[in-house]
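Visitor: here is the input, now give the coordinates:
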Amino acid sequence: MHYADIEALFIKPTPGGREIYLPVAGDQFVEVMTELSGKDIVLIGLFAVENFTGRTGFTLFYVLEKRGCSNIIVLQCDIDGNETASVTRLFPSACWFEREVRDGFGIDFSDAFDTRPLFLHEMYPDNFHPLRKSFVNRPLETQKVILPETEYRFKELGGEGVYQIPVGPVHAGIIEPGHFRFSVIGETIFNLEIRMFYKHRGIEKLAEGKTPDECVAVAETISGDESAVNAFALTEAIEKISGASIPIRAADLRTVLLEMERIYSHLGDLAGMVVDVAFPRGASRFFILREEILRWNARLTGSRFLKGIIRPGGLSKDIPEEAIDGLRSYLESFETRLKSILYLIYSTTSVIDRLENTGVIDKNLVNLLNISGPAARAAGFSIDTRRDHPYSTYAALDFDIRTAEKGDVIGRFNVKVQEIFDAVAIIRNILNKMALGDVHNVPEYRDGFALTLVESPRGQSLHWVYIQDGVIARYKVRTASFCNWQSIEHAVLGNIVPDFPLINKSLNLSYAGTDL
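Guide: Residues are numbered from 1 along each chain as shown. Take a look at the predicted model:
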């Protein structure tokens, strides 16, 4: 198997795009990956499955995307034993993927440059691999003693005047834990290392054995402010497997809900950035609009965070025409008020000065680390899963992909502003032409597997579902935050410590969406 053969599959015309699975023998795997590296191909996912389709042992799935192509290639590699070759030197985004697989399944990757645990912190038992089929999901009782030699080793950077600032894992407020280890000279950051997974919840193991309907509630708990997009991603994968079709009205309303989620998420990000440059006069107005959108969510669906509405086969209930008419009217005033707030922000030079040239993400890192969403678009990459791998009704919609060039905080701010206006336009377009009709078709569940890519407010998320004997045998989730967190280690370099909260807020990554 050679690169030209695989490239032909990437560019093969397929309406809407699809995933193409290619079995690769273990002795050919490194050669194939070597040929694929450096050719605008991005490793967007890597996960393991035990006893896949009746085989005893482990199967690794490497999910590859080529920019500008709608098809996704999934290399499927069966491994003998518990070891295989690392591809981190070819695809740096594989680093966290491989560490995650090592923790979950006990598979070693030879020649990996980072073999530290990822989500298994020191207090977990030795030889503990919770994603194996033999593991029973239950609370752990451990009296393990943490010795100095078994503690997690952060990078040690020395030199005259160098000192470290540890931040977290416990933070002020209600955010989840995460540790940030800064190496600093004076006030300037020259290294940052992050450590997550202090509240690893076992989401993927929890999904095992559940029916497809039951698993939707699991998807909605991945990250609270991405409830709709994660529920949608799971249901679309289930619908692919079952061959189910959903009513046109349900598809339209799903897209409306996904864009409502984008609006309130981006409004929170804009407010957070303005808070962190000490301009509450502007931030409070963003927060007011965000609260109003959350109340509209509740009026439309019964849930401020859009839970309990998206289900396999469509929607769990219809949205009344009265609420739809009210939303259409509200969005007119919403746009006017948002423009007024933005005029205030853009005319306040002290705010713009803090946002410009701060927290730059080098565009050369976007493919290497699989950075996506506004973070990638603000660095000049015109990538958006809604256009590149269309789902729901996005293929029939006309919308721009908003980009900036410098990759700094003001770039991310501007991209999110434009995407809010675009989301309003998408919602209006749908509401103005939406017909009456059913919102649910009862699906006939089948065994099989399928992958779905979606564009959450933070970027591309990946959901892969394997149904066996009518229940979930494996549910793999990789949110945008999982990859984008690594970008912040680079974005802060050369900035001063007081700018870290601003840079962090401009990305607004999910701890929960990473600590599955």
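
Visitor: and the helix or strand that Ile73 is a member of, how far out from the chain middle?
Guide: Secondary-structure assignment from DSSP states H and E places Ile73 in strand 72-79. Averaged C-alpha coordinates place strand 72-79 at 21 Å from its chain's average position (Cα atoms, centre = their mean, to the nearest Å).

Visitor: packing partners for it?
Guide: Contacts defined by 3 or more Cβ pairs under 8 Å, 6 or more residues apart in numbering; DSSP states H and E place strand 72-79 against helix 3-11, strand 19-23, helix 26-36, strand 58-66, strand 448-456. No exception for glycine: its C-beta is placed from N, CA and C like everyone else's.

Visitor: of the ones you listed, which is nearest Pro92?
Guide: Closest of the helices and strands packed on strand 72-79 to Pro92 is helix 26-36, at 12.7 Å (criterion: Cβ to Cβ).

Visitor: sheet partners, orientation included, of the helix or strand following that closest one?
Guide: Using DSSP H and E, the helix or strand that follows helix 26-36 in sequence is strand 41-50. Applying DSSP bridges to the sheet, strand 41-50 is found paired with strand 58-66 (antiparallel).

Visitor: okay, now the domains of this structure?
Guide: The chain is divided into the following domains under automatic domain parsing: 3-110, 153-195, 203-507.

Visitor: please work out which of these is packed deepest.
Guide: Compared across the domains of the chain, domain 203-507 shows the largest average neighbour count, a mean of 20 (mean count of other Cβ atoms under 10 Å).

Visitor: quick check: mean pLDDT across it?
Guide: Taken as a whole, domain 203-507 has an average pLDDT of 96.

Visitor: now the terminal residues of that domain, how far apart.
Guide: Using Cα to Cα, to the nearest Å, the span of domain 203-507 from its first residue to its last is 24 Å.

Visitor: how far off centre is it?
Guide: The chain centroid and the centroid of domain 203-507 are separated by 10 Å under Cα atoms, centre = their mean.

Visitor: can you show me the strands along the stretch 201-350 of the chain?
Guide: Using DSSP state E, counting those that start in this stretch, the strands of the stretch 201-350 of the chain run over residues 310-311, 314-315.

Visitor: now do the last one: which elements does it pack against?
Guide: To tie it back to what came earlier, the one meant is strand 314-315. Identification of packing neighbours for strand 314-315 by 3+ Cβ pairs under 8 Å, 6+ apart yields helix 248-275.

Visitor: for the helix it packs on, packing partners?
Guide: helix 227-242, helix 280-301, strand 314-315, helix 409-433, helix 500-507.

Visitor: circling back to that earlier point, closest one to Leu338 among the strands of the stretch 201-350 of the chain?
Guide: Nearest to Leu338 among these is strand 310-311; the distance by Cβ to Cβ comes to 26.4 Å.

Visitor: mean confidence score for the strand holding Ile73?
Guide: Averaged over strand 72-79, pLDDT sits at 94.

Visitor: direction included, what does the very next helix or strand once past that strand pair against?
Guide: The first helix or strand that comes after strand 72-79 along the chain, using DSSP H and E, is strand 83-85. Partners of strand 83-85 in the sheet, by DSSP bridges, are strand 108-110 (parallel).

Visitor: just the CA atoms of the helix or strand just after the partner strand, as PDB, please.
Guide: Downstream of strand 108-110, the first helix or strand assigned by DSSP H and E is strand 162-167. Coordinates of the C-alpha atoms in strand 162-167 are reproduced here as PDB (Å, rounded to 0.1, in the frame of the first residue of the first chain):
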ATOM      1  CA  VAL A 162      14.900  30.700  36.100                       C
ATOM      2  CA  TYR A 163      12.100  29.900  38.500                       C
ATOM      3  CA  GLN A 164       8.900  27.900  38.400                       C
ATOM      4  CA  ILE A 165       5.300  29.000  39.100                       C
ATOM      5  CA  PRO A 166       2.900  26.100  39.800                       C
ATOM      6  CA  VAL A 167      -0.700  27.100  39.200                       C
END
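
Visitor: partner strands of the strand holding Ile73 and their direction?
Guide: Note on strand 72-79: by DSSP bridges, its sheet partners are strand 19-23 (parallel), strand 58-66 (antiparallel).

Visitor: wait, which of the strands of the stretch 201-350 of the chain is closest to Ile361?
Guide: Between Ile361 and the strands of the stretch 201-350 of the chain, the tightest spacing by Cβ to Cβ is seen for strand 310-311, at 31.6 Å.

Visitor: quick one: residues contacting Leu267.
Guide: For Leu267, the contact set (Cβ atoms under 8 Å, 6 or more residues apart in numbering) comprises 286-287, 289-290, 293, 420.

Visitor: sorry, wrong one. I was asking about Ser86.
Guide: Listed by Cβ under 8 Å, 6+ apart, the contact partners of Ser86 are 94, 98, 109-113.
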